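J.: Following is a predicted model, sequence given first.
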Amino acid sequence: MIQTREDILSSIRTATNEVKAIDMHTHLFAPEFGSLLLWGIDEILTYHYLISEAFRWIDMPYERFWALPKSKQADIVWQTLFVERTPISESCRGVVTILKELGLDPKSRTLEPYRDFFRSQNVESYVEQIINKANIDWLVMTNDPFDDLERTVWDTTGLKHPKFRAALRLDAMLNDWNSACKRMSDWGYKVDESLGDTTFAEIRRFMREWCSKMDALYLAVSLPPDFEYPEASPRAVMLSQSVLPMAEEMNLPVGLMIGVRRGVNPNLGLAGDALSRASMLPIERLCSEHPNVRFLVTMLSRENQHEFCVTARKFRNLTPFGCWWFLNTQHMVKEITKMRFELLGTSFIPQHSDARVLEQIIYKWAYSREIIAKTLADYYEALIAANHKITYADIKRDIEDLYRNNFLRQVK
């Protein structure tokens, strides 16, 4: 019988170990995508979070840093953040956790022992090892048909690995239509910048063909904080006339990631993006005007989270997912997860890794599972104190919903 907090936590951890999670949004790639799959110590250390943190200490000109080979960039980050200073930040502790879980000494003064280890790995078996270590069943990539390297793989071998699935990313088309229009025209689509009926039909054909080629689970786009809907912009018009009708036709969810401000400091490359609070009104309008479209949404600003939860209570076709990007820190995950439990019960997707480097799924899922376990334990403990019996079956059902079924219901 489950009575004490110790009983509760033990049951949650047992269920969590038994239930393999689905990582519904990553930037990882299957091995058949070659160099697009990032892994190993040099990739781990040149992750953009760590680069931006290192530049808080180093005086090197940006252009000189970017001109260096990746291995030299990794050496600088390691020396700056791990040798000369204590690795306290979320990203730094993540690296330490990765090394520990791989059986490596995180106190090495140089990177050569780590490089020797990673050079000895076979990529196919290593990918399996890391996915199993993270207790993940399978994960979803972010797939952009406008990326030439990625497009080549889709046009030749395609996706083969059973642990990876695809999501069709629409950023290039929705956020930079002029450039996307030129490329689509070169590929034989009858499109023009004026966005007439023929162009809308061709955009729908483009999406239909690529969703079929990828067997995409959902459509996805990241949006700026000033995103509006409806409005006369190419993005909003394409959403209305092409993307949302195709989502309904193909019975695919639409993933919206809202709040990113690109290139606030362009000298930092990917590390130069920031965030701002966004309006919830466009989400309300989308959900209200398109009740047959399922929306998977994550908001980047902390200041959006309460209003976001309240909005999700009003629309059953809106599912919050994950703690995205700058919110994927232990403090923020705890705060947001607790808020969601109290407003939404278990009807949300608590986490995704957003990993860009393979090994990141180890620490991102490990700490998220522990935070979710302790947060759930608070509510089970309160229910037991109120004479509401909690069984292991109840706990495992909830864990399965949170880590698997709530997403699977969306991609039915």
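T.: Nice, I can see it.
J.: Might you report the residue contacts of the most centrally placed residue in the chain?
T.: Residue closest to the average C-alpha location in the chain (CA atoms, centre = their mean): D354, at 2.8 Å. By CB atoms under 8 Å, 6 or more residues apart in numbering, the residues touching D354 are 25-27, 322, 324-325, 328, 364. In this view, the C-beta of every residue, glycine as well, is placed from N, C-alpha and C.
J.: redo that, cut-off 10 Å
T.: For D354, the contact set (CB atoms under 10 Å, 6 or more residues apart in numbering) comprises 23, 25-28, 142, 257, 298, 322-325, 327-328, 360-361, 364.
J.: of those, buried ones?
T.: With burial judged by 16 or more other CB atoms under 10 Å, the buried subset of the contacts of D354 is 23, 25-26, 28, 142, 257, 298, 322-325, 327-328, 360-361, 364.
J.: so which of these would you say is closest to A54?
T.: Distance to A54, by CB to CB, is smallest for Q360 among the buried ones among the contacts of D354, at 17.1 Å.
J.: and the nearest residue to A134 once chain neighbours are set aside, what element?
T.: Nearest residue to A134, sequence neighbours excluded (CB to CB, 6 or more residues apart in numbering): I361, at 4.2 Å. Taking DSSP states H and E as the criterion, I361 maps to helix 360-385.
J.: hang on, T319 is in a strand, isn't it?
T.: Yes. Under DSSP: H, G, I helix; E, B strand; the rest coil, T319 sits within a strand.
J.: Just give me the neighbour total for the closest residue to it other than its chain neighbours.
T.: Once flanking residues are discounted, T319 sits nearest to L296: 5.4 Å by CB to CB, 6+ apart. L296 has 26 neighbouring residues, counting by other CB atoms under 10 Å.
J.: list the contacts for L296?
T.: Applying CB under 10 Å, 6+ apart to L296 gives the contacts 24-25, 167, 218-220, 253-257, 318-322, 349, 352, 406-407, 410-411.
J.: okay, how far is it across stretch 273-280, tip to tip?
T.: Using CA to CA, to the nearest Å, the end-to-end distance of stretch 273-280 comes to 21 Å.
J.: what does that stretch rub up against?
T.: Outside stretch 273-280, the residues touching it (CB under 10 Å, 6+ apart) are 48, 52, 222-229, 258-266, 297, 299-304, 307-308, 310-312, 324-327.
J.: Out of the residues you listed, which end up buried?
T.: 52, 222-225, 227-229, 258-260, 297, 299-302, 304, 308, 311-312, 324-327.
J.: so where do the helices sit in the stretch 51-200 of the chain?
T.: 62-67, 70-78, 90-101, 112-119, 123-133, 148-155, 171-175, 177-186, 197-214 (DSSP state H, counting those that start in this stretch).
J.: Which of these sits closest to M339?
T.: helix 90-101 (19.5 Å).
J.: Next, the buried residues of that closest one.
T.: Quick answer for helix 90-101 (16+ other CB under 10 Å): 90-95, 97-99.
J.: Including pLDDT and distance to T337, could those residues go into a markdown table?
T.: Output for the buried residues of helix 90-101, formatted as a markdown table (pLDDT from 0 to 100; distance: CB to CB, whole Å):
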| residue | pLDDT | distance to T337 |
| --- | --- | --- |
| E90 | 96 | 16 |
| S91 | 97 | 20 |
| C92 | 98 | 23 |
| R93 | 97 | 19 |
| G94 | 97 | 18 |
| V95 | 98 | 24 |
| T97 | 98 | 20 |
| I98 | 98 | 23 |
| L99 | 98 | 27 |
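J.: quick one: E249 from M184, how far?
T.: Distance, E249 to M184, by CB to CB, to the nearest Å: 19 Å.
J.: helix, strand or coil for the residue of the chain positioned farthest from its centre?
T.: Taking CA atoms, centre = their mean, the residue of the chain most remote from its mean C-alpha position is N387, at 38.6 Å. Assigned state for N387: coil (three-state reduction, three-state DSSP).
J.: Could you pull up phi and psi at it?
T.: Dihedral angles of N387 (phi, psi; degrees, to the nearest 10) stand at phi 70, psi 30.
J.: Alright, that wraps it up for me.
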